[in-house]
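Undergrad: Dropping a prediction and its sequence here:
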Amino acid sequence: MRKNGKECMILFSACHGDLIDVGFFVCFDSFLSLLTIMPTRILLTLWRLLHTRQFIRPSAAELCDFACFVVLACAVTLLEGTDISLIYHMIRGQGTIKLYVVYNVLEIFDKLCQSFGGDVLQTLFNSAEGLANCTEENMRFWIWRFISDQALAMAATNILIAITLSTCIVAHNNALLALLVSNNFAEIKSNVFKRFSKDNIHSLVYADSIERFHISAFLLFVLAQNILEAEGPWFESFLFNALLVFVCEMLIDIIKHSFLAKFNDIMPIAYSEFLEDLCKQTLNMQTENGKKNLTFVPLAPACVVIRVLTPVFAARLPCTPLPWRLFWILLLSGMTYVMLASLKVMIGMGLQRHATWYVKRCQKRKHHLHFD
């Protein structure tokens, strides 16, 4: 029996909201893996090399970990020499119209560089796999290819960081809150009147999930800057602005995909299929016909978050002699690591349980449809 318009809208909102939420937590899980699992694997690898006291060619996974760590360390070091306050006040002094143009240009370059950055990292991982499995005759070629791909990945990541940081700084100005909201409505105009295929909408949903995670990173940047620089009561204003941004983002995504589904004859069940593919990706299951995967590169947001949170932690350190200061640094670092690792485990377990339940539900539904 065909569903009426109201039932279709309810089903669409439920499927779309669940899909965006799961995509957000997949990005968050990848972000936490970069900050917790990757350093642990690197320390274990170094311990194994020191314990054996002989050179053992690293595996492809170990080379990928070292490559990502080098990119992360170099990018954070570069950001540490950047005066965020100076850049912020330079941008804040510009006119509103000029900032509107700058923000849109940054947003476009951010989307382009995200796609390019993902391809660069995939090339680096392919070079790591080739170096790990090559013969002695081809060792020099693969070493030079790995080094060149590493340099390209560092350059691409630094460009991404510059764009992400600039976008964060622009978003920090509370007077430009209307700019963020107006850009959301401009997003509707740029999408709903175009013809999209089902695969294009699939990619667009994944892009919305990544965008929501980036907004969360921007808000964390704003929170850190307010902790360091704001005077007077500011927390209530921050919560109101953050809630306004998230509510606008959710409403715009629902409206955008509602019209896209209507104009392109996409049934709400398609979003359920997208969610099933994402759940299979979470469970490392093969999807049918090689469907799209959510590709998220957490290096740039991780670098920015580390850069803005480091002064917050430093400001909370007690003024004690150097040995005690080092002790407090190690203690706070250890506590932060334990909290992030615990959060990573909880999110990972939640994603696994939800993905398993949803895939089984979809299989039962398909079985009943086939039986009918």
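TA: Thanks, I have it.
Undergrad: mind listing what's buried in stretch 30-45?
TA: Neighbour-count burial for stretch 30-45 flags 30, 31, 32, 33, 34, 35, 36, 38, 41, 45 (criterion: 16 or more other Cβ atoms under 10 Å). In this view, the C-beta of every residue, glycine as well, is placed from N, C-alpha and C.
Undergrad: Quick check: the gap between the second one and residue 293.
TA: What it means is residue 31. 17 Å (Cβ to Cβ, to the nearest Å).
Undergrad: Check the fifth one too.
TA: Counting by Cβ to Cβ, the gap between residue 34 and residue 293 amounts to 18 Å.
Undergrad: just to revisit the earlier point, narrow the buried residues of stretch 30-45 to those in strands?
TA: Taking DSSP state E as the definition of strands, the buried residues of stretch 30-45 contribute nothing to them.
Undergrad: Grab the two from the residues you listed that are most spread out in space.
TA: Largest separation among those by Cβ to Cβ: 31 and 45, giving 21.7 Å.
Undergrad: Tell me how many other residues surround residue 28.
TA: 19 (other Cβ atoms under 10 Å).
Undergrad: brain fart, residue 254
TA: 16.
Undergrad: what does residue 363 give?
TA: 11.
Undergrad: Model confidence for it, exactly?
TA: The predicted local distance difference test score for residue 363 is 83.
Undergrad: what do you get for residue 340?
TA: Predicted confidence (pLDDT) for residue 340: 92.
Undergrad: who are the neighbours in contact with it?
TA: If a contact means Cβ atoms under 8 Å, 6 or more residues apart in numbering, then residue 340 has 32, 35, 36 as its contacts.
Undergrad: any idea where the helices of this structure begin and end?
TA: If you assign secondary structure with DSSP state H, the helices in the chain sit at 5-35, 37-52, 60-80, 84-92, 96-133, 139-172, 177-192, 198-229, 235-263, 269-282, 299-315, 322-371.
Undergrad: low-scoring stretches of the chain, by residue?
TA: Low-confidence segments of the chain, defined by pLDDT under 70, span residues 1-16, 84-104, 162-163, 165-193, 286-291, 367-372.
Undergrad: And residue 261, how close does it get to residue 276?
TA: For residue 261 relative to residue 276 (Cβ to Cβ), the value is 17 Å.
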